[in-house]
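K.L.:
this one's sequence-less:
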């Protein structure tokens, strides 16, 4: 009797490239007009909770990027739209020819 075990491991790896690695003719798929928004737990005199309004309500309007700290306490988040944060939604996951 033969026992055969197959294990498949899939690893996603983030890579960083410098501008000199990109051909000068390359153009991103646009338009790119992404902004990083600051959403606070208590904004303005009325203490409006921007985090609850834009990140907690379903569906969320924006995706959190990083926490905003003030005096050691988290007071909010930076956020943007999903298409601005996840470049695989607008571009391709296929390695371009110039990387080979």
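P.N.:
Yep, it's here. Worth saying up front: this structure is predicted, and the values here are computed from it rather than measured. Residues are numbered from 1 along each chain as shown.
K.L.:
Setting the sequence-adjacent residues aside, check what's closest to the residue positioned nearest the centre of the chain.
P.N.:
For the chain, the residue sitting closest to the mean C-alpha position, by C-alpha atoms, centre = their mean, is residue 85 at 2.8 Å. If you skip the residues right next to it in sequence, residue 85 has residue 63 as its closest partner in space, 5.2 Å away by C-beta to C-beta, 6 or more residues apart in numbering. Yep, even glycine has a C-beta here, placed from its N, CA and C like the rest.
K.L.:
Just list the residues touching that neighbour, thanks.
P.N.:
55, 79, 80, 81, 82, 85, 86 (C-beta atoms under 8 Å, 6 or more residues apart in numbering).
K.L.:
go again using 7 Å as the cut-off
P.N.:
Residue 63 makes contacts with 79, 80, 82, 85, as judged by C-beta atoms under 7 Å, 6 or more residues apart in numbering.
K.L.:
Now do the contacts for the third one.
P.N.:
Taking C-beta under 7 Å, 6+ apart as the definition of contact, the neighbours of residue 82 are 63, 89.
K.L.:
any idea how far it is from residue 90?
P.N.:
The span separating residue 82 from residue 90 equals 10 Å under the rule C-beta to C-beta, to the nearest Å.
K.L.:
Same question for the first one.
P.N.:
Distance check for residue 79 against residue 90: by C-beta to C-beta, it reads 18 Å.
K.L.:
And the two? Which one has more around it.
P.N.:
Between residue 79 and residue 90, counted using other C-beta atoms under 10 Å, residue 79 has the larger neighbour count: 24 against 12.
K.L.:
pLDDT (mean, whole number) over the longest helix that the chain contains?
P.N.:
The helix that spans the most residues within the chain, counting by DSSP state H, is helix 82-85. Averaging pLDDT along helix 82-85 gives 82.
K.L.:
Appreciated, that's everything.
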